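**Q** please find the sequence and the predicted model below.
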Amino acid sequence: MEEVLSACTIVMNIPVAWGEMDAMGHVNNIIYFRYFESVRISYFQKLDLLSYQRDFGIGPILASTECRFKMPLQYPDTVIVGAKVLSIEEDRFVMGYEVFSTKHKRIAAEGEGVVVTYDYRNNKKVPIPDTLRAKIVELEKIEKL
């Protein structure tokens, strides 16, 4: 667990809720995307990205997302969800996600999301502003993405 999640920049614990299970007796697939969303928003908060969006009209928009299910989750359990930026381009970055079951001590799902910087005032994608790019590089503790 530590090896996989230590590579993640943001990590959070989320209890599995009884109501997240479906008729098949396991956590419904859509819930994994909620886990991804929760850790993505936590990452954005570390960047102060939502304040930047409020002040300048430029913020994140999720362009695509995917999930590779490794094992079914069931209540009761607590998942540890991690995220990190895998790559960055002119107007987008790719986030990687991990969902780890503490009950089973293994990865339950992996995923990725493509996040585009979007000018909400002019309804178009824009290059990642230098200040935001620098915050990502600093948060990821790397020389350059």
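**A** Right, received. Where do you want to start?
**Q** all strands for this structure, in order.
**A** Along the chain, the segments classed as strands by DSSP state E run 10-15, 58-69, 78-88, 92-101, 106-119, 124-125.
**Q** so which of these is the most packed in?
**A** strand 92-101 (a mean of 22; mean count of other CB atoms under 10 Å). Backbone N, C-alpha and C define where each C-beta goes, glycine included.
**Q** and that one, how far from the chain's centre?
**A** 5 Å (CA atoms, centre = their mean, to the nearest Å).
**Q** let the chain start at 786 from now.
**A** Renumbered: residue one is now 786, and that last one reads strand 877-886.
**Q** ok, it: who's next to it in the sheet?
**A** strand 863-873 (antiparallel), strand 891-904 (antiparallel) (DSSP bridges).
**Q** that older thread, can you lay out the strands of the chain as CSV showing distance to residue 815 and mean pLDDT?
**A** Listed next are the strands of the chain as CSV, based on distance: least, CB to CB, whole Å; pLDDT from 0 to 100:
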stretch, distance to residue 815, mean pLDDT
strand 795-800, 14, 96
strand 843-854, 10, 98
strand 863-873, 15, 96
strand 877-886, 13, 97
strand 891-904, 12, 97
strand 909-910, 26, 98
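**Q** pLDDT wise, what is residue 930 at?
**A** For residue 930, the model assigns a pLDDT of 52.
**Q** what does residue 917 give?
**A** According to the prediction, residue 917 has pLDDT 95.
**Q** do the same with residue 832
**A** 95.
**Q** is it true that it touches residue 924?
**A** Yes: between residue 832 and residue 924 there is a contact under CB atoms under 8 Å: 6.5 Å.
**Q** residue furthest from the geometric center of this structure?
**A** Going by CA atoms, centre = their mean, the residue of the chain most distant from its centre is residue 808, 26.9 Å out.
**Q** check contacts around it.
**A** With contact set as CB atoms under 8 Å, 6 or more residues apart in numbering, residue 808 has no partners.
**Q** residue 809 versus the residue nearest the centre of the chain, what's the distance?
**A** Nearest residue to the geometric centre of the chain (CA atoms, centre = their mean): residue 825, 3.2 Å. As defined by CB to CB, to the nearest Å, residue 825 lies at a distance of 26 Å from residue 809.
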